[in-house]
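Participant: Sequence plus the predicted model coming up.
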Number of protein chains: 2
Amino acid sequence: MKLFDGGRAPNPRRVRVFLAEKGMEIPLVAVDMGAMEHRQQAVASRNPLQRLPVLELDDGTILTESIAICRYFEELQPDPALFGKGALGKALVEMWQRRVELNLFHAVAQAFRHIHPAMKEWEVPQIPEWGEANKPKALAFLQLLDTELADREFVAGDNFSVADITGMIAVDFMKPARIAVPEDCGNVLRWHKAVSGRPSARA
Amino acid sequence: MKLFDGGRAPNPRRVRVFLAEKGMEIPLVAVDMGAMEHRQQAVASRNPLQRLPVLELDDGTILTESIAICRYFEELQPDPALFGKGALGKALVEMWQRRVELNLFHAVAQAFRHIHPAMKEWEVPQIPEWGEANKPKALAFLQLLDTELADREFVAGDNFSVADITGMIAVDFMKPARIAVPEDCGNVLRWHKAVSGRPSARA
């Protein structure tokens, strides 16, 4: 199998960090998103949504969506469990992965895509008012997350999970989106420093 | 356990349809979202995001996020499998559930929340331009889905799955969002009629 990878973009990085945590190595095909290569034949013929990453299996089957690709790897190699263990553990990881993705990762992405001048060709129409409206959404969620992280180490509980990967990359994405983590979110800052210190964060 | 339910709203319905497909019955606690009861103590103390549905387990553990709640029920009662079987089957259901949710369900919700006068108190600020920008996104995804459904019965393959539940409810949600399924999307219309005819659709 091979993974069509998009370099610095947040979604491709989610899968690379996940693989690093699993200790798995998959051949990568580099796609230059800055040069809009993800809208050209190699990607578009595999994913009509023209987004990365894309996993191609040896029989030609295509998997897209970062979390679906991660779940495939989780099934192939269950340890360490990054989607939780047991009915409740799996549900709690799913809940937090979704909370972080929909309320933070997604809000930061909207702020970036609808405000940053470099995104004019990517997000049509670019609506700066919508981008701005997402900044307080992201900040409100960080306050909620800060309260949660007061008494546990990771986003979904005592174990590192895919929710931490989405969260770390969302916080990193705040820099180009020009949103700062509020100084009173000490628990978020502690957690972000800890997960960023793991070797997988460099993937 | 008990499920705090929100009546006609799309997310609570996803869980009720899922339970009906599983043949499971869970005690429901009715919450009147029209009267903004989801922002009052009973829900807000359980889910700081003030959204429904919310599942409370017998020991007081709280699960939120429709898909996380559905996954919990899938783990408790695996048959019929609504999240797929095997590594690839599970990954394909996850991929399609996400594609439908992010590109259709979410786009329709944005159009509804940012344009409909009744949503003025719910979505602050309401940005009609953003609502309008989502209509072509939803329609473009329906065209893609129509191509896919030309040679299979259900969204994620030959078996009914949670991706069909999200898709059916997204299409139903198009009515109040005032978006019509294009007449040339015959496969989508055939599929929607079929899934709407299942007893679970009345849940």
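Facilitator: Now that the structure is in, tell me what you want to look at.
Participant: Do you have the helices of chain A handy? List them.
Facilitator: Applying DSSP state H to chain A gives helices spanning A:10-22, A:41-44, A:66-76, A:86-100, A:106-115, A:128-148, A:162-173, A:186-196.
Participant: Just name the most buried of these.
Facilitator: Stretch with highest mean neighbour count among those: helix A:162-173 (a mean of 25; mean count of other Cβ atoms under 10 Å in any protein chain shown). Placement of C-beta: from N, CA and C, glycine included.
Participant: looking at the helices of chain A, which has the lowest confidence?
Facilitator: For these, mean pLDDT drops lowest on helix A:41-44, to a mean of 94.
Participant: chain center to it: distance?
Facilitator: How far helix A:41-44 lies from its chain's middle: 22 Å, per Cα atoms, centre = their mean, to the nearest Å.
Participant: And the contacts of that helix?
Facilitator: If you take Cβ atoms under 8 Å, 6 or more residues apart in numbering or on different chains as the criterion, helix A:41-44 is touched by A:Phe4, A:Val29, A:Val31, A:Glu37, A:His38, A:Gln50, A:Arg51, A:Leu52, A:Val54.
Participant: my guess is the second one contacts A:Phe4, does it?
Facilitator: In other words, A:Val29. Yes: counting by Cβ atoms under 8 Å, A:Val29 touches A:Phe4, with 4.8 Å between them.
Participant: Show me which of these two is the more surrounded one.
Facilitator: Neighbour comparison, A:Val29 and A:Phe4: the larger count goes to A:Phe4, with 22 against 14 (by other Cβ atoms under 10 Å in any protein chain shown).
Participant: Enumerate every residue touching the more buried one.
Facilitator: A:Phe4 makes contact with A:Leu28, A:Val29, A:Val31, A:Ala42, A:Val43, A:Arg46, A:Leu52, A:Pro53, A:Val54, A:Leu55, A:Glu56, according to Cβ under 8 Å, 6+ apart.
Participant: Please check the contacts of helix A:41-44 and keep the buried ones.
Facilitator: Buried subset of these (neighbour count, 16 or more other Cβ atoms under 10 Å in any protein chain shown): A:Phe4, A:Val31, A:Glu37, A:His38, A:Arg51, A:Leu52, A:Val54.
Participant: got the residues of chain A near chain B?
Facilitator: Within chain A, the positions adjacent to chain B are A:48-49, A:57, A:61, A:63-65, A:67-69, A:71-72, A:75-76, A:86-88, A:90-92, A:94-95, A:98-99, A:103, A:125, A:127, A:129-130, A:133, A:144, A:147 by Cβ under 8 Å from any Cβ of the partner chain.
Participant: give me that answer again for 7 Å
Facilitator: Within chain A, the residues that sit near chain B (Cβ under 7 Å from any Cβ of the partner chain) are A:48, A:61, A:63-65, A:67-68, A:71-72, A:75-76, A:87-88, A:90-91, A:94-95, A:98-99, A:125, A:127, A:129-130, A:133, A:144.
Participant: between the contacts of A:Phe4, which is nearest A:Ala9?
Facilitator: Taking Cβ to Cβ as the measure, A:Leu52 is the one of those closest to A:Ala9, at 6.6 Å.
Participant: measure that closest one to B:Ile179 for me?
Facilitator: 28 Å (Cβ to Cβ, to the nearest Å).
Participant: ok, the closest residue to A:Trp122 other than its chain neighbours to A:Leu28 distance?
Facilitator: Excluding its sequence neighbours, the residue lying closest to A:Trp122 (Cβ to Cβ, 6 or more residues apart in numbering or on different chains) is A:Arg113, at 6.2 Å. For A:Arg113, the distance to A:Leu28 (Cβ to Cβ) stands at 25 Å.
Participant: Surely A:Lys2 touches A:Pro27?
Facilitator: Yes: using Cβ atoms under 7 Å, A:Lys2 is in contact with A:Pro27, at 4.7 Å.
Participant: which one of those two has more residues nearby?
Facilitator: Between A:Lys2 and A:Pro27, A:Lys2 has the larger neighbour count (other Cβ under 10 Å), namely 13 against 9.
Participant: So what pairs up with that one in the strands?
Facilitator: When bridges are called by DSSP bridges, A:Lys2 pairs up with A:Glu56.
Participant: Pull the contacting residues for it.
Facilitator: Going by Cβ atoms under 7 Å, 6 or more residues apart in numbering or on different chains, A:Lys2 touches A:Ile26, A:Pro27, A:Val29, A:Glu56.
Participant: In this structure the last one contacts A:Thr64, no?
Facilitator: No: with the criterion set as Cβ under 7 Å, A:Glu56 and A:Thr64 do not qualify as a contacting pair; they are 10.1 Å apart.
Participant: Between those two, point out the one with more neighbours.
Facilitator: A:Thr64 (23 against 17).
Participant: For the more buried one, which non-adjacent residue is closest in space?
Facilitator: Spatial nearest neighbour of A:Thr64, excluding adjacent residues (Cβ to Cβ, 6+ apart): A:Asn47 at 4.7 Å.
Participant: Contacts only, for that neighbour.
Facilitator: A:Val54, A:Ile62, A:Thr64.
Participant: so how far is A:Gly186 from A:Lys193?
Facilitator: The gap separating A:Lys193 from A:Gly186 is 11 Å, by Cβ to Cβ.
Participant: again with A:Val124
Facilitator: Distance, A:Val124 to A:Gly186, using Cβ to Cβ: 39 Å.
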